[in-house]
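# predicted model and sequence below, questions to follow.
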Amino acid sequence: MTSPIESWDGLDARALLMLERLDRDLFRNRLNQTNANDALFGGQVLSQALTAAVETVEDAGAAPGAERGVHSLHGYFLRAGRAHLPVIYQVDRTRDGGRFSTRRVIAIQGGEPIFHMECGFHAREEGFDHQSPLPAGVPGPRSLQSLQELAVSMADHLPDWVRSRWSSARPIEVKPVDPESFLRREGAAPERAIWMRLPSGEGAGPAEQAALLAYLSDYWLAGTAALPHTLPMPSPDLFMASLDHAMWFHRPARVEEWLLFACESPSAQAGRGLSRALIYAADGRLVASTAQEALLRPRRAS
């Protein structure tokens with residue numbers, strides 16, 4: 001039986017944002033990305049849902065000069081997505097005010113919701129300005145090795161499946177600030193810093209950049225909560241699944257340029273772990289903040 005979903009090349013993240021408009025506020029995706037649990041990658045659903053919402057804001061007739069960019073999103077992952085099925089995105093135009101718009105998006109597969117999200121849009125205006133500074137002492141990306149390079153330089157210390165995974169082509173370029181942390185056993189601090197970028201984001205406009213940043217924000221975040229308790233690669237002995245995801249967009253970002261994700265986990269308890277990150281451009285601008293709670297369960301031996 002022919003799959004109704006097109007094959008993705010595994011590299012072009014912008015292609016994942018392509019949606020087919022079925023009706024005024026109804027969209028369908030064309031491409032799927034699976035995660036390590038053989039379910040849809042949460043960042044894909046997050047970014048596609050935001051793309052669907054943006055389509056309804058852009059055609060809502062904002063006055064010239066009052067174009068609205070996303071300022072925050074809050075989503076809940078309800079069911080694991082299935083890689084062989086397309087996702088339908090249904091948008092509710094909750095409100096269009098003088099400078100703000102609000103949208104609710106429901107992602108549906110097989111007639112059941114797998115994700116829902118509230119997101120807000122704001123016409124740019126002047127106001128107070130401050131930010132948390134870039135963490136001191138963090139080396140820039142040029143002085144660090146990528147995962148592919150680390151798979152070679154740390155080959156003698158990495159499990160075969162990790163070395164293979166790090167060596168494979170991927171849409172995101174990743175440079176951990178402290179690669180030795182991947183070798184530490186239980187007791188590590190629940191924090192890490194990672195530089196990431198999406199080369200395929202080059203040429204994307206502001207709305208696409210925001211959706212791609214949301215896509216990036218779901219990589220490597222949830223595992224921060226597992227660092228004190230298991231191997232941080234993540235361990236094959238640990239099952240992780242996103243429960244919810246929130247994000248605030250502070251300043252314009254370019255995802256094809258290096259971005260620092262300064263991650264920490266303030267708590268893990270009752271089978272859940274909370275992780276959050278401040279996201280910085282290489283010039284020190286704080287471009288976004290994000291937080292995610294994930295299910296953290298030891299895998300049962302079969």
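Structure received.

# what about residue 101, which SS state?
State at residue 101, reduced to three classes by DSSP: H, G, I helix; E, B strand; the rest coil: strand.

# phi and psi next, for the residue nearest to it when sequence neighbours are not counted.
Distance criterion CB to CB, 6 or more residues apart in numbering; nearest residue to residue 101, sequence neighbours excluded, is residue 121 at 4.3 Å. The way it works is simple: take the backbone N, C-alpha and C, and place the C-beta from them, glycine included. Main-chain dihedrals, residue 121, degrees, to the nearest 10: phi -130, psi 150.

# state the pLDDT value of residue 121.
Looking at residue 121, its pLDDT is 97.

# that one: neighbour count?
With neighbours defined by other CB atoms under 10 Å, the count for residue 121 comes to 27.

# isn't residue 145 up against residue 151?
No: the pair residue 145 / residue 151 is not scored as a contact, 9.4 Å apart, by CB atoms under 8 Å.

# of these two, which one has the most company?
Legend: neighbour count by other CB under 10 Å for residue 145 and residue 151, higher for residue 151 (18 against 15).

# any idea what the residue nearest to residue 101 is bridged to?
residue 70, residue 101 (DSSP bridges).

# just how off-centre is the helix or strand that contains residue 43 within its chain?
Element membership for residue 43 (DSSP states H and E) is helix 42-58. Chain-centre distance of helix 42-58: 12 Å, with CA atoms, centre = their mean, to the nearest Å.

# how about it: buried residues?
42-57 (16 or more other CB atoms under 10 Å).

# stretch 190-203 too?
190-198, 200-201.

# between the residues you listed, which sits nearest residue 209?
Comparing these against residue 209 with CB to CB places residue 201 closest, at 6.6 Å.

# Provide a list of residues in contact with residue 116.
75-76, 78, 104-107 (CB atoms under 8 Å, 6 or more residues apart in numbering).

# does it lie in a helix or a strand, and which?
With DSSP H and E as criterion, residue 116 is part of strand 112-123.

# got the contact list for the helix or strand just after that strand?
Heading C-terminal from strand 112-123, the first helix or strand you meet, by DSSP H and E, is helix 147-153. Here helix 147-153 makes contact (CB under 8 Å, 6+ apart) with 145, 158, 163, 166-167, 170, 174-176, 179.

# tell me the mean pLDDT for the following helix or strand past helix 147-153?
Sequence-wise, the next helix or strand downstream of helix 147-153 (DSSP H and E) is helix 160-167. Helix 160-167 shows a mean pLDDT of 81.

# what does the pLDDT read for residue 95?
Reported pLDDT for residue 95: 96.

# apart from its neighbours in sequence, what residue is nearest it?
Nearest-residue entry for residue 95: residue 102, 4.5 Å, with adjacent residues in sequence omitted and distances by CB to CB, 6+ apart.

# noted, bye for now.
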